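>>> Whatever this is, show me its structure:
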Amino acid sequence: MNYYRNILLEGRVEDAQRYFEDYVGSWPIAEFQNAAGIYAGTNLDGVLKHFINADPSGNNKYLMWMVKMYLNPEERGTAPSDISSLVQRFHKNVDRLTPEFMKEWGYGVGSKITQSPRDIESYEEISTLEHVMDTIDHISTKQQERKKAKSEIDRVYEDDTWLIIRPQSHRASCYYGRGTKWCTTTKDSDTYFEKYSEEGVLYYIIKKEKTSQGKDFKVALFKKFPSRSHRLVPDDEWYDEKDAKLGGQIVHMIKSMLPAQTIQVIDDLYRQELVPHQESLDFNRWMSLNRFTEMISEKLEGENILFNTESGTWSLEFVNRSEWYVNHVGETPISFSIDTFVDGEYEINVSDYQRTIKPTEENDLDEDVGWYFKILPEKIVEASRTLGYNELMNGKLGLPPRDMFKANFLDNEKYEGNQWRGWPEKTFLNNILIPNLRYLLSRPEVKELTQEDKVLWGPQRWRTPLVFRYPPKEGSLTQLFVDFVKNNPGKTRKEFYDHIGRTYTPGHNSEFFAVINNSGIVEMKRNGRQFVYVLGPNYETWKEGNLSRK
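Residues are numbered from 1 along each chain as shown. Got it, this is the predicted structure:
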């Protein structure tokens with residue numbers, strides 16, 4: 001095998017030397033006024049040996065091309081070392097050269113380079129190969145920078161729609177903030193980024209899908225550290241892509257778009273960052289549990305708030321500080337009382353004060369207090385005549401840890417000047433009280449009383465107004481889509497748009513399709529590279545009127 005390889009190498013060297021001699025007309029020194037126009041006295045044999053030694057292929061595969069480029073009148077004056085170094089770059093990157101790559105960078109379908117990009121003979125000029133190699137190097141540099149930037153962030157939150165990061169370097173700030181006018185993304189200076197990093201915590205909130213106008217959606221959130229001269233925690237600063245400061249309803253709208261837990265995650269991380277600044281803060285500012293309950297009662301007095309459970313729809317009624325009730329909405333008049341943080345105890349008690357539920361061996365009610373529960377930090381316990389207070393295995397229910405509740409609800413400074421971020425009563429109801437009540441009111445003994453057995457669903461985009469009542473309004477998107485899926489199972493969203501005669505645009509009505517999939521009325525499945533729809537597990541329940549949103 002080596003014998004034939006040696007013959008190949010010798011043959012390529014002989015061919016290259018012969019090409020030299022024929023083209024120049026002399027060997028091994030170029031004579032005056034030679035046919036190739038090579039400078040008189042040039043050591044042609046030395047040039048050839050340089051090309052042989054510099055050929056990176058190991059079999060002189062590139063030798064003839066180097067000789068041709070050296071002798072090409074259009075390339076006159078190019079040093080042999082420049083030609084050989086270019087060939088070495090080509091050899092290093094040859095596996096990355098594909099017809100698709102060439103088409104992407106402007107080489108026509110029928111061009112020689114596009115058809116055979118890995119054959120060096122396809123490149124008839126040094127400048128063409130240099131351009132291709134410069135493009136490859138540029139892409140490689142950008143890929144390396146992208147990789148470094150992605151490693152220099154704290155990934156705070158990510159799902160299919162949203163990415164929230166905290167940039168740890170100016171490079172990462174520029175990469176994730178590209179397309180914006182934020183001063184922290186100025187490429188030729190890291191002054192602003194370093195300033196913001198020293199004075200607080202910077203977050204970039206990025207929507208992965210483009211807007212309906214085809215633009216990126218990015219928002220910067222800056223949470224400034226307190227100073228010794230101003231001991232309060234500063235207000236959040238929100239900025240749009242143009243670096244305009246946002247406030248009021250726009251900030252509230254942005255928060256409502258985000259998944260429910262994201263703001264809480266950011267606040268928790270920021271609270272950890274505040275530890276070194278504790279001496280700058282006034283921690284003697286906490287309201288009592290009793291005062292918090294009075295404040296919530298004052299805000300909600302006279303309200304009746306509806307919510308769904310497996311036992312039907314219930315209403316939260318707020319009479320005064322000591323009288324909170326939950327009443328069944330329907331023909332069966334059932335009410336339970338709610339005692340919140342009585343005597344400063346960090347617990348909420350729910351009881352059947354009318355003794356509607358009767359003790360049985362199955363429900364094992366306490367004979368003294370009847371149907372009675374305590375909602376405690378991260379758990380719920382029930383009063384049992386045989387076990388005393390028996391802890392229920394109910395997942396992530398119960399009150400949040402006391403320190404978390406204190407930071408979120410009992411900080412007086414959050415209420416100064418009515419600047420509380422959000423509405424404390426709504427946050428308390430939606431995140432704490434109603435989820436626990438929903439669990440308790442879905443128990444078998446309550447469903448037996450109401451004679452209702454609903455199936456509940458909850459949207460991942462929990463702020464969406466969609467509920468999907470049955471029957472849907474004639475001609476509505478719900479009616480058209482469900483009927484289409486029923487009659488055409490396994491079809492795509494685009495095929496649905498074609499069916500109803502509308503133009504399909506990726507991302508259009510994305511909230512509707514995501515939430516109706518959450519409801520279980522239809523179900524989205526992967527079919528190869530596409531997503532198709534079929535009727536979901538809750539379709540029949542929906543038709544029977546027994547499907548409710550949480």
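>>> Break the chain down into its domains, please.
As recorded under automatic domain parsing, the domains making up the chain are 2-142, 152-280, 289-453, 477-549.
>>> Ok, which of those comes nearest Pro471?
Using Cβ to Cβ as the measure, domain 477-549 is the one of these that comes nearest Pro471, at 7.7 Å. Every residue, glycine included, has its C-beta placed from N, CA and C.
>>> average pLDDT across that closest one?
Per-residue pLDDT values across domain 477-549 average out to 90.
>>> ok, now stretch 226-243?
75.
>>> again with stretch 449-467
When pLDDT is averaged over stretch 449-467, the result is 81.
>>> residues making contact with that stretch?
Outside of stretch 449-467, the residues within contact range by Cβ atoms under 8 Å, 6 or more residues apart in numbering are 256-257, 259-260, 308-312, 328, 330, 332, 334, 356-357, 438, 442, 447, 511-512, 514-516, 518-520, 538, 541, 546-550.
>>> from the chain's centre, how far out does that stretch sit?
Centroid separation for stretch 449-467 versus its chain: 26 Å, with Cα atoms, centre = their mean, to the nearest Å.
>>> Give me the distance between the two termini of it.
Stretch 449-467 has an end-to-end distance of 26 Å (criterion: Cα to Cα, to the nearest Å).
>>> Gly370: what's it in contact with?
Applying Cβ under 8 Å, 6+ apart, one finds that Gly370 lies in contact with 351-352, 355, 357, 359, 383.
>>> swap the cut-off to 10 Å and go again
The contact partners of Gly370, by Cβ atoms under 10 Å, 6 or more residues apart in numbering, come to 351-359, 363, 383.
>>> what packs against whichever strand or helix holds Arg89?
Arg89 belongs to helix 80-93 when assigned by DSSP states H and E. Packing contacts for helix 80-93, counted by 3 or more Cβ pairs under 10 Å, 6 or more residues apart in numbering; DSSP states H and E, involve helix 44-54, helix 63-71, helix 126-151.
>>> What's the mean pLDDT across the second one?
To tie it back to what came earlier, the one meant is helix 63-71. Here the average pLDDT along helix 63-71 is 92.
>>> Which strands and helices lie in contact with it?
helix 2-24, helix 44-54, helix 80-93, helix 126-151.
>>> Would you agree Lys525 is in contact with Phe531?
Yes: between Lys525 and Phe531 a contact is recorded at 7.0 Å, counting by Cβ atoms under 10 Å.
>>> list the residues that contact both of those two?
Among the neighbours of Lys525, those also in contact with Phe531 (Cβ under 10 Å, 6+ apart) are Asn517.
>>> related to what we said a few turns ago, out of the contacts of stretch 449-467, which sit inside helices?
In helices, defined here by DSSP state H, the members of those are 256-257, 438, 447, 511-512, 514-516, 518-519, 541.
>>> lowest average confidence, helix or strand, in the protein?
Taking mean pLDDT, DSSP states H and E as the measure, the chain has helix 2-24 as its least confident helix or strand, at a mean of 76.
>>> where do the helices sit along the stretch 351-500 of the chain?
402-409, 424-428, 434-440, 444-450, 477-487, 493-500 (DSSP state H, counting those that start in this stretch).
>>> can you give me how far the third one is from the chain middle?
In other words, helix 434-440. For helix 434-440, the gap between its own C-alpha mean and the chain's C-alpha mean amounts to 30 Å (Cα atoms, centre = their mean).
>>> want to throw the contacts of Gly370 into CSV with neighbour count, pLDDT and distance to Thr114?
Formatted as CSV, these follow (neighbours: other Cβ atoms under 10 Å; pLDDT from 0 to 100; distance: Cβ to Cβ, whole Å):
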residue, neighbour count, pLDDT, distance to Thr114
Ser351, 17, 92, 79
Asp352, 21, 91, 79
Tyr353, 15, 87, 82
Gln354, 13, 86, 83
Arg355, 12, 88, 85
Thr356, 17, 89, 81
Ile357, 19, 89, 79
Lys358, 12, 86, 84
Pro359, 14, 83, 84
Asn363, 17, 80, 77
Ala383, 21, 87, 79
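>>> Please flag which of those residues sit within strands.
By the criterion of DSSP state E, membership of those in strands covers 351, 383.
>>> which among the contacts of Gly370 gets closest to Thr340?
Ser351 (12.3 Å).
>>> Would you mind confirming that that closest one is in contact with Val369?
Yes: when contacts are counted by Cβ under 10 Å, Ser351 is listed as touching Val369 (6.6 Å).
>>> Identify each buried residue in stretch 125-140, please.
Buried residues in stretch 125-140, counting neighbours by 16 or more other Cβ atoms under 10 Å, are found at 126, 129, 132-133, 135-136.
>>> hmm, back to that, residues shared between the contacts of Ser351 and Val369?
With Cβ under 10 Å, 6+ apart, Ser351 and Val369 have common neighbours Ala383.
>>> now stretch 172-190: mean pLDDT?
Over the span of stretch 172-190, the pLDDT mean works out to 87.
>>> Quick one: end-to-end distance for it.
11 Å.
>>> now swap in stretch 31-41 and tell me
6 Å.
>>> ok now that stretch, how far from the chain's centre?
Here stretch 31-41 shows a centroid-to-chain-centroid distance of 66 Å under the convention Cα atoms, centre = their mean.
>>> just stretch 27-45 next, same as before
Relative to the chain's own centre, stretch 27-45 is displaced by 65 Å; criterion: Cα atoms, centre = their mean.
>>> Then stretch 360-380?
A distance of 41 Å separates the centroid of the chain from that of stretch 360-380, by Cα atoms, centre = their mean.
>>> quick one: buried residues of it?
363, 365-366, 370-376, 380.
>>> For these, work out which two are farthest apart.
By the measure Cβ to Cβ, the buried residues of stretch 360-380 have their two most distant members at Asn363 and Leu376, which lie 20.3 Å apart.
>>> in the stretch 1-150 of the chain, what spans have low per-residue confidence?
Along the stretch 1-150 of the chain, the model assigns pLDDT under 70 to residues 1-9, 107-110, 140-142, 145.
>>> could you redo the last one with a cut-off of 50?
Where the stretch 1-150 of the chain drops to pLDDT under 50, the residues are 1, 3-4.
>>> Over to the stretch 251-400 of the chain?
Filtered on pLDDT under 50, the stretch 251-400 of the chain yields the residue ranges 283-284.
>>> Show me where the stretch 151-300 of the chain has its helices.
If you assign secondary structure with DSSP H, counting those that start in this stretch, the helices in the stretch 151-300 of the chain sit at 170-176, 191-199, 248-257, 262-273, 289-300.
>>> got those as JSON lines, with distance to Gly37 and mean neighbour count columns?
Shown next, in JSON lines, are the helices of the stretch 151-300 of the chain (distance: least, Cβ to Cβ, whole Å; neighbours: other Cβ atoms under 10 Å):
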{"stretch": "helix 170-176", "distance to Gly37": "49", "mean neighbour count": "22"}
{"stretch": "helix 191-199", "distance to Gly37": "55", "mean neighbour count": "15"}
{"stretch": "helix 248-257", "distance to Gly37": "69", "mean neighbour count": "13"}
{"stretch": "helix 262-273", "distance to Gly37": "70", "mean neighbour count": "15"}
{"stretch": "helix 289-300", "distance to Gly37": "93", "mean neighbour count": "17"}
